[in-house]
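Participant: I'll drop the sequence and a predicted model, then ask my questions.
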Amino acid sequence: MLRAVTSTQPPAVLGLLSDPLRWQIVRELGSSDRRVGELVAIVDKPQNVVSYHLAELRKAGLASSRRSSADGRDVYYRLDLHRCHQLLADAGSGLHPGLALAPVAPPWAHPRRRAPKVLFLCTGNSARSQMAEALLEHRSAHTITARSAGSNPKSLHPHAVAVMAARGIDISANETKHVDRFAHMRFDRIVTLCDKVREVCPRHPASPDATMSHWSMADPTEDGSRAAFERAADEIEARIELLIAELNT
């Protein structure tokens, strides 16, 4: 596990990320959770080479893996961007206090910019995508337009409503929607939060140039407990902060 800068030794994270191929993998994982096969195709290197670099990132605590809920034989890798930020910030400030990373300006600092549009997709549109939609609009002070839908909509889950209410967001009146409802609406970013949807979802007809991202997350409705919904909301909220910063650049 990499540690923050506490001595005169050069930060280990600089050596870890100095390899061009590993940096390319990190960049890809920074925008979307990926399967090994996808990374192999993107970087055009053998699977054993990609797997080695992924193992190094996992050993350093910068990446984690989760088995696909659609195909249990496959695995999604996720980059811990908050950990990367911490280590790189420590490296900069360790060299000179003036090199500490500055916070990204909030989206409302650019009032004349066209509001980005984001579509969140999962299977039932009953929990994950609903929470993501609400959190993105709330955290961006409604400077980003968010919508959500599902491939097989179900009823809005009461735990999703309760967890959002605890965060000061009321989604009790939300309806669940099929993805076809937004077939003619253009989006800048489409985020899948369900492995099943991600692996069968075609390109959005009205948004051929939209950036596609995947957040491989456990379905809290399968566990059914309030705690599972709390964990899902915490993960979504952490990813939303990074998405807002990315859309604001």
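Facilitator: Noted; the coordinates are in hand.

Participant: Mind splitting this protein into its structural domains?
Facilitator: Domain assignment for the chain by automatic domain parsing gives 12-99, 107-247.

Participant: Next, format those domains as JSON lines and append mean pLDDT.
Facilitator: Putting the domains of the chain into JSON lines (pLDDT from 0 to 100) gives the following:
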{"stretch": "domain 12-99", "mean pLDDT": "92"}
{"stretch": "domain 107-247", "mean pLDDT": "91"}
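
Participant: Highest mean neighbour count out of these?
Facilitator: domain 107-247 (a mean of 18; mean count of other CB atoms under 10 Å). Every residue, glycine included, has its C-beta placed from N, CA and C.

Participant: Just give me how far it sits from the chain centre.
Facilitator: On the basis of CA atoms, centre = their mean, to the nearest Å, domain 107-247 sits 11 Å off its chain's mean C-alpha point.

Participant: And the strands in this protein, which stretches?
Facilitator: Secondary structure of the chain by DSSP state E: the strands cover 34-35, 63-67, 75-79, 117-122, 145-150, 189-192, 211-214.

Participant: mind checking which of these is nearest residue 229?
Facilitator: Closest to residue 229 of the strands of the chain is strand 117-122 (CB to CB; 13.4 Å).

Participant: Tell me which other helices or strands the closest one touches.
Facilitator: Packing partners of strand 117-122 (3 or more CB pairs under 8 Å, 6 or more residues apart in numbering; DSSP states H and E): helix 128-139, strand 145-150, strand 189-192.

Participant: can you redo those as TSV with distance to residue 232?
Facilitator: Formatted as TSV, the helices and strands packed on strand 117-122 follow (distance: least, CB to CB, whole Å):
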stretch	distance to residue 232
helix 128-139	6
strand 145-150	14
strand 189-192	14
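
Participant: out of those, nearest to residue 212?
Facilitator: Closest of the helices and strands packed on strand 117-122 to residue 212 is strand 189-192, at 5.4 Å (criterion: CB to CB).

Participant: The closest one: partners in the sheet, and parallel or antiparallel?
Facilitator: Strand pairing for strand 189-192, using DSSP bridges, gives strand 117-122 (parallel), strand 211-214 (parallel).

Participant: Need the residues that contact it.
Facilitator: Contact with strand 189-192 is made by 116-122, 132, 198, 201, 204, 207, 210-215, 243, 247, as judged by CB atoms under 8 Å, 6 or more residues apart in numbering.

Participant: gap between residue 58 and residue 245?
Facilitator: 24 Å (CB to CB, to the nearest Å).

Participant: And for residue 69?
Facilitator: Separation of residue 69 from residue 245 (CB to CB): 28 Å.

Participant: again with residue 201
Facilitator: Counting by CB to CB - residue 201 and residue 245 are separated by 25 Å.

Participant: try residue 96
Facilitator: Taken as CB to CB, the span from residue 96 to residue 245 is 24 Å.

Participant: cool, residue 31 as well?
Facilitator: Taking CB to CB, one finds residue 31 at 12 Å from residue 245.

Participant: Select the longest helix from the protein.
Facilitator: Taking DSSP state H as the criterion, the chain has its longest helix at helix 226-247.

Participant: Now do the helices in this protein.
Facilitator: Counting by DSSP H, residue ranges of the helices within the chain are 12-17, 20-31, 36-43, 47-59, 81-95, 128-139, 158-166, 195-200, 220-223, 226-247.

Participant: Can you spell out which helices and strands pack onto the fifth one?
Facilitator: If contacts are counted by 3+ CB pairs under 8 Å, 6+ apart, helix 81-95 sits against helix 12-17, helix 20-31, helix 226-247.

Participant: same check, this time on the second one
Facilitator: Here helix 20-31 is seen to pack against helix 12-17, helix 36-43, helix 47-59, strand 75-79, helix 81-95 when contacts are counted using 3+ CB pairs under 8 Å, 6+ apart.
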